[in-house]
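Colleague: give me a 3D structure for the following:
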Amino acid sequence: MRQKTLLLLTLTLLGLVTVRAQTLVSGRILDKITSQPVPFVSVALYRQPDSVAVGGAITDSTGLFRIADAKAGVYTLRTFFVGYKPALVPITVVRNQPLELGVLVLEGDSKLLNEVRVAGQRTDVVMQADRQTYRAAQFQSAAGGTATDVLRNLPGLSINAEGDVSLRGANGFLVLLNGKPVQANLGTLLNQMPANSIESIEVITTPNARYDPDGKAGIIAIVTKKGVDNGWSAQVNGLIGLPSTNAFDNAYNPVRYSPDVTLNYRSDRWDLTLSSAYIRNDIAGRREGDVSTTIGNRFTRFPSVGERSFDRYTFTNRLAIAYVPSKSTTWTLGLYQSQRTEDRLADISYNNSTTDLLTGQIVNRRAYFNSNLVRKGGRFYTANLDYAHTFASKATLSAGALYEYDLIDGFTSNRNVNRNNYRDTLQYSYSTTDRPFETSGLTSTEAYPF
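Modeller: As a prediction, this is how the structure comes out:
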């Protein structure tokens, strides 16, 4: 029992001696140029001569470090920090004598860059619970076309031959142009807006309470491009279509080209954008058909062949002005004008014949030429003036005036002539269409923070 007690006492004394033989090493690290503390610098002690790491610490917000429990011996103190050269300080630790190293100065690494520029690209598609936002620039195939060509690329959306837009079978969308509701037909607006002038298209499938009564199947919000950098800038785009591989014996070869130009001036208070575009987009076509009827013993055939082509012309102008006299006040003015004409020409040759099924004799034959021209024209004008002000209490006041006018007109000309003598008119009809639409309104909105 005495031996165990003596052994325990001996071990305790050895431990106390060991603790007393350990020393605190401390110091402060500053930047060489600014003389400011450098926090979060790693400091390590390496035993000499075998360079084994025996302890370390990290500087605090004041640049101070403390390495406790350093045993007596010869060491090298080394610092580690990104952007600075490592510092090597030889030290000697003496038993029971705290070592204060004072101020250590770190020098910046010469490889450190003065600035770093990170270049990135915004995401092309933003998916949210109630909407999807698409950047128009991602659809390269629509460049030089119209907004209709952009929408054809959007998933879930379909556009028929009449220009009606549907989303998974539902139609009747509310159209927002730069946040303003437009009463014009969606197909008319999309066909008259150049794709190069569009920044993004937002498809809102679940409108909130603000638009729900008018949203019907949803909302299509179109945002046009604005200036990016201060000063003057210009953007010019052009598209030229190659000759058609097959003109289908049309009277005129189809033509496709599209120039557009955008001028922008931007400063701290002003942002002015003026753009103009012309789009010519023809489609060559041919129709071949064979219709037959049987009534009693009479069999009648209506074989036909000929041209069915489209000539399309679109011209648009847009002016947008934003004036910011102060950080809390904004005035915006927008003017938009577009005009579109589409000719659908059907020049078809018919060769009708009636045969008696009992005798096999042809009892009647008539050959004639039908020229059917359908012209659809549309003119679209909008003007808006908006004011927004934010008070010091964070309350907001906004007011705006909107004017809109569009006119859809055209005609249908149908002429049947003798195939052997085009001057011999068998039948002629001409009908016109005229549908003007005009609307204007004032809006005012106030919001108060709670």
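
Colleague: residue 384 reaches residue 399, doesn't it?
Modeller: No. Counting by Cβ atoms under 8 Å, residue 384 stays clear of residue 399, with 11.4 Å between them. Where you see a C-beta, it was placed from the backbone N, CA and C, and this is true even at glycine.

Colleague: more neighbours: the two, which one.
Modeller: Neighbour count, other Cβ atoms under 10 Å: between residue 384 and residue 399, residue 384 has more, with 20 against 14.

Colleague: please tell me how far the most centrally placed residue in the chain sits from residue 128.
Modeller: Centrality entry for the chain: nearest residue to the mean C-alpha point is residue 135, 1.7 Å, by Cα atoms, centre = their mean. Applying Cβ to Cβ, to the nearest Å, one obtains 15 Å for the distance of residue 135 from residue 128.

Colleague: mean confidence score for stretch 189-197?
Modeller: Over the span of stretch 189-197, the pLDDT mean works out to 80.

Colleague: right, I mislabeled it, should have said stretch 87-99
Modeller: Mean pLDDT, taken over the full extent of stretch 87-99, equals 89.

Colleague: again with stretch 40-60
Modeller: When pLDDT is averaged over stretch 40-60, the result is 90.

Colleague: got the CA coordinates for it in CSV?
Modeller: As requested, the backbone C-alpha atoms of stretch 40-60 are provided in CSV (Å, rounded to 0.1, in the frame of the first residue of the first chain):
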residue,chain,number,x,y,z
PHE,A,40,-7.5,34.6,-39.1
VAL,A,41,-3.8,34.1,-39.9
SER,A,42,-2.6,30.5,-39.2
VAL,A,43,0.5,30.4,-37.0
ALA,A,44,2.5,27.1,-36.4
LEU,A,45,5.5,26.0,-34.4
TYR,A,46,8.0,23.6,-36.1
ARG,A,47,10.5,21.8,-33.9
GLN,A,48,14.1,21.9,-35.0
PRO,A,49,15.9,20.2,-36.5
ASP,A,50,13.3,17.6,-37.7
SER,A,51,10.7,20.3,-38.7
VAL,A,52,7.8,18.5,-36.8
ALA,A,53,4.8,20.6,-36.1
VAL,A,54,4.2,20.7,-32.4
GLY,A,55,1.6,23.5,-31.9
GLY,A,56,-0.3,26.3,-33.5
ALA,A,57,-3.0,29.0,-33.3
ILE,A,58,-5.1,31.5,-35.3
THR,A,59,-5.0,35.2,-34.9
ASP,A,60,-8.1,37.0,-33.6
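
Colleague: show me the contact partners of it.
Modeller: Counting contacts by Cβ atoms under 8 Å, 6 or more residues apart in numbering, the residues outside stretch 40-60 that touch it are 25, 27-29, 37-39, 63, 65-71, 73-81, 84, 90-91, 106.

Colleague: tell me how far that stretch lies from the chain's centre.
Modeller: Between the centre of stretch 40-60 and the centre of its chain there are 52 Å (Cα atoms, centre = their mean, to the nearest Å).

Colleague: can you list contacts of stretch 137-147?
Modeller: Identification of contacts with stretch 137-147 by Cβ under 8 Å, 6+ apart yields 124-125, 136, 149-150, 152-153, 189-196, 198, 201, 222, 237-239, 258, 260, 279, 281, 314.

Colleague: list the buried ones in it?
Modeller: In terms of neighbour count (16 or more other Cβ atoms under 10 Å), stretch 137-147 has its buried residues at 137, 139, 142, 143, 144, 145, 146, 147.

Colleague: tell me which two of those sit farthest apart.
Modeller: Greatest spatial distance among the buried residues of stretch 137-147 (Cβ to Cβ): 137 and 146, at 15.1 Å.

Colleague: so residue 290 versus residue 301, what's the distance?
Modeller: Residue 290 sits 7 Å away from residue 301 when distances are taken as Cβ to Cβ.

Colleague: higher neighbour count, these two?
Modeller: Just comparing residue 290 and residue 301: by other Cβ under 10 Å the higher neighbour count belongs to residue 301, 13 against 9.

Colleague: correct me if wrong: the more buried one contacts residue 291.
Modeller: Yes. Under the criterion of Cβ under 8 Å, residue 301 makes contact with residue 291 at 7.3 Å.

Colleague: okay, and the beta partners of residue 125?
Modeller: Counting by DSSP bridges, residue 125 forms beta bridges with residue 134.

Colleague: quick one, what contacts it?
Modeller: 132, 133, 134, 135, 138.

Colleague: strand partners of the helix or strand hosting residue 279, parallel vs antiparallel please.
Modeller: In this assignment (DSSP states H and E), residue 279 forms part of strand 270-281. Here the strand partners of strand 270-281, with direction, are listed using DSSP bridges: strand 256-266 (antiparallel), strand 298-326 (antiparallel).
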